[in-house]
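Colleague: Return atomic coordinates for the entry below.
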Amino acid sequence: VTPYVLGRTSSLDESLGSPGRTTQARFGGDLKMGLGSNVTLDATVNPDFGQVEADPARVNLTAFETFFPERRPFFLEGRELFRTRGPNWFYSRRVGSTPSSAAGGGRFETVENATILGGAKVTGRLPSGASIAALGAVTGSERVPASQSTGGEPLEVAPRTTFVVGRVQQEAGPNGSYFGLMGTVVDRSLSEGGWLEKTTPHRAMTGGVDFVRRLGAGEYEITGFGGGSKVTGTRDAMWLLQLSSAHYFQRPDAKHVEFDARPTSLSGWAAGLKVGKISGAPWTWDAEVSAASPGFEIRDAGSQKRSDRIDARVGARYEVRDSRGAIRNRSLGLALSSGWNFGGVRRILSPSAFVSATLGNLWNTSLEVGMNFRSLSDDLTRGGPLMETPRSMWGNLQVSSANSNRAWWSVEASGFKDEIGGWSASISGGGTVVPGKWLELSIFAGGSSGDASRQFLAAMEGGPPETYGERYVFSSLEREEFFAQVRAKVAFAPDAVLTLYAEPFISSGAAHDFGELTAAGAQTLRTYGTDGTTISRLEDGAHEVIDGEDILRIENYDFWVRSFRSSAVFRWEWRSGSSLFLIWQKNLWSFADSSRPTTADMLLRSIRDPGEDILVAKVSFLLGSG
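Modeller: Have a look, this model is predicted:
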């Protein structure tokens, strides 16, 4: 049993509009208990993860969620036992996530995360060869004060929520063959007639099976999965869910789905099968197909980008291994990926090829290139009609050193270009050096630049019949982005370690060449400023378009964002199993509604931006072990 107590103080720069200092005292604890020789119970009450490194900064201009890796200790231990073939039924970052508005809309950044009141987890392996994993957790209700609510009253932005996850995996033969079951339940306590009841599902359940069967001494493999989901809630909540980016049931030219405001539930299924030769020189190959029905929805406990998909892939690889020579191992591969929706629309057709080699000095190199043929996107207009995507080419090059005990490094470069002028290029790399047992240094940095040829901006009324009476407005978007992540670990003694982290980040975008989709299924835009239209920029940065008697206002989509995130965590294990943490976190940011330079000098200036300072002192006590 390891209880803890902590004190936390934070101060916000007065230039951000909410100056002041807040203090907080918390206590909680963890329990670890052996349930037999190979099964462990982990439990936590009011856990604190203040010592965990912050997520990297990101600018997301898509309609889809950004997913981050799990870093919290309670969820890391034994997490491999929750993994399955197929969908990601359980995305542990859902537990205690930042509250969000309806169906993946804007996030309530004033609430850092939903408080985890408690959780318990049982993981292990039984004598029968079965692996078991079960998790239960409860998060509390969260509110924003009246001063931050549009209605002028305190607003509940996250309900009390219960998560239950279970996984059983039974060995089913030699060479790693198995059969597994997976299930999740999310239950929310929603106030009747409240805002959350109208925007958030009340209950979500999923269940699935998966298997791996290895044949021929493990040389061949057959894998498969299947499962279903059911989400229930009010009609308003299901209305918003159908309109969200994972479904887009409102698409006007989709014949196989239809928006319906009456249901109080949404159900769906997913399944897949893969066969392949996974070992044995020199050839290996694989072929797979998977599908998710239009109503498949697992985002309450898991992660997904979209449903309504049928995907297929075939690939082959030729590999030669050699223990001597300038090139030790080398491989060449070809693959073909394709995808459709349940209406038979081809969403993607992409052949690719790769070559990789391990050099005599144990450097690893790989090059992958591919092409995307013209296809039809059913999500580019974000709920509107189909739109043709241009033919494009892409490539990725990676080089990395041998992983020695003292130093290692890696570099990655990628590029993309389409037939209508869109392009992007990026490079990133870094390395780690360990000059001695007392010090470890690492840096990872990168940058990207490009011009997206089709950036969705808005859907407006008054369009032609060819686009079902709506105007789907797009632009090109010039992008630049740079970041650096610096880490250092200093060990003053085996039980006294200082960990430092710093991440400056800068990103900008400038929209240009505005236009609207000419017809459903087309790739071309009716560019504003031509074809009898005029466009001008207003003083507030927005654009005004005059099309006959219609006057359109296109908001300012230019942006410039800069941030600096850093932390210093000192951990002293003052007694075996008992630790003292001293934590200093600094979160700085600035932004503007105009495009600005993103030079290295501007990146370094982020350390002078306004923001928030957080200081934490935390002490944990080990009360017993055995």
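
Colleague: Report the central residue of this protein.
Modeller: Phe67 (1.2 Å; C-alpha atoms, centre = their mean).

Colleague: Once you drop chain neighbours, what's closest to that residue?
Modeller: Once flanking residues are discounted, Phe67 sits nearest to Ser303: 5.6 Å by C-beta to C-beta, 6 or more residues apart in numbering. (Glycine included, C-beta is placed from N, CA and C.)

Colleague: residue ranges of the helices in the stretch 451-600 of the chain, please?
Modeller: 600-604 (DSSP state H, counting those that start in this stretch).

Colleague: ok, now the chain?
Modeller: 73-76, 195-199, 235-243, 600-604 (DSSP state H).

Colleague: Remind me what the shortest one packs against, helices and strands.
Modeller: With contacts taken as 3 or more C-beta pairs under 8 Å, 6 or more residues apart in numbering; DSSP states H and E, helix 73-76 sits against no other helix or strand.

Colleague: Let's see it as PDB, backbone CA atoms only.
Modeller: Output of helix 73-76 as PDB, limited to C-alpha atoms (Å, rounded to 0.1, in the frame of the first residue of the first chain):
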ATOM      1  CA  PRO A  73       2.100   4.300 -14.700                       C
ATOM      2  CA  PHE A  74      -1.200   2.700 -13.600                       C
ATOM      3  CA  PHE A  75      -2.300   2.100 -17.200                       C
ATOM      4  CA  LEU A  76       1.100   1.100 -18.500                       C
END
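
Colleague: Now do the buried residues in that helix.
Modeller: Buried residues in helix 73-76, counting neighbours by 16 or more other C-beta atoms under 10 Å, are found at 74-75.

Colleague: So for that helix, mean pLDDT?
Modeller: Across helix 73-76, the average pLDDT comes to 94.

Colleague: Can you tell me how far Gly295 is from Gly20?
Modeller: Using C-beta to C-beta, to the nearest Å, we find Gly295 at a distance of 47 Å from Gly20.

Colleague: So if I had to pick from the two, which one is more boxed in?
Modeller: The residue with more neighbours, out of Gly295 and Gly20, is Gly295; 23 against 8, by other C-beta atoms under 10 Å.

Colleague: burial count for the nearest residue to Gly360 once chain neighbours are set aside?
Modeller: Once flanking residues are discounted, Gly360 sits nearest to Ala326: 4.8 Å by C-beta to C-beta, 6+ apart. For Ala326, the neighbour count with other C-beta under 10 Å is 9.

Colleague: so Ala326 makes contact with Leu362?
Modeller: No - using C-beta atoms under 8 Å, Ala326 is not in contact with Leu362; the gap is 11.8 Å.

Colleague: any weak-confidence spans in this structure?
Modeller: In the predicted model of the chain, residues 17-19, 100-111, 146-152, 625-626 satisfy pLDDT under 70.

Colleague: Name the residues of stretch 350-370 that are buried.
Modeller: Buried-residue list, stretch 350-370, by 16+ other C-beta under 10 Å: 350, 352, 354, 356-359, 364, 366, 368, 370.

Colleague: wait, what's in contact with the closest residue in space to Phe373 that isn't next to it in sequence?
Modeller: Sequence neighbours aside, Leu349 is the residue nearest to Phe373 in space, at 4.4 Å (criterion: C-beta to C-beta, 6+ apart). By C-beta atoms under 8 Å, 6 or more residues apart in numbering, the contact list for Leu349 reads 336-338, 372-373, 375.

Colleague: residues near the residue nearest to Phe67, how many?
Modeller: Ser303, neighbours per other C-beta under 10 Å, totals 16.

Colleague: ok, now Ser189?
Modeller: Neighbour tally, Ser189, other C-beta under 10 Å: 12.

Colleague: how about it, what does it touch?
Modeller: So Ser189 contacts 141, 159-161 (C-beta under 8 Å, 6+ apart).

Colleague: ok, now Val433?
Modeller: Contacts for Val433 (C-beta under 8 Å, 6+ apart) come out as 406-407, 440-442.

Colleague: Please identify which of those residues is nearest to Phe75.
Modeller: Ser442 (23.8 Å; C-beta to C-beta).

Colleague: any idea how far that closest one lies from Thr499?
Modeller: To Thr499, Ser442 is 11 Å away according to C-beta to C-beta.

Colleague: what do these two both touch?
Modeller: With C-beta under 8 Å, 6+ apart as the test, Ser442 and Thr499 both reach 487-488.

Colleague: picking that back up, what's the closest of the helices of the chain to Gly276?
Modeller: helix 73-76 (30.1 Å).

Colleague: tell me how far the closest one is from the chain's mean position?
Modeller: How far helix 73-76 lies from its chain's middle: 18 Å, per C-alpha atoms, centre = their mean, to the nearest Å.

Colleague: if we can go back for a sec, and the residue nearest to the centre of the chain, how close does it get to Asn88?
Modeller: With distances taken as C-beta to C-beta, Phe67 is found 9 Å from Asn88.

Colleague: same question, Phe621
Modeller: Computed as C-beta to C-beta, the Phe621 to Asn88 distance reads 36 Å.

Colleague: likewise Ser331?
Modeller: Relative to Asn88, Ser331 is positioned 28 Å away (C-beta to C-beta).

Colleague: same question, Ser131
Modeller: When distance is defined by C-beta to C-beta, Ser131 is 18 Å away from Asn88.

Colleague: Same check on Pro154?
Modeller: Look at Pro154 and Asn88: by C-beta to C-beta, they are 35 Å apart.

Colleague: ranges for the strands of the stretch 201-350 of the chain?
Modeller: Ranges of strands in the stretch 201-350 of the chain, per DSSP state E, counting those that start in this stretch, are 203-215, 220-232, 265-277, 283-292, 309-321, 327-340, 346-359.

Colleague: Output those strands as a markdown table; include the columns distance to Ser579.
Modeller: As requested, these are arranged in a markdown table below (distance: least, C-beta to C-beta, whole Å):
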| stretch | distance to Ser579 |
| --- | --- |
| strand 203-215 | 37 |
| strand 220-232 | 41 |
| strand 265-277 | 43 |
| strand 283-292 | 44 |
| strand 309-321 | 46 |
| strand 327-340 | 43 |
| strand 346-359 | 41 |
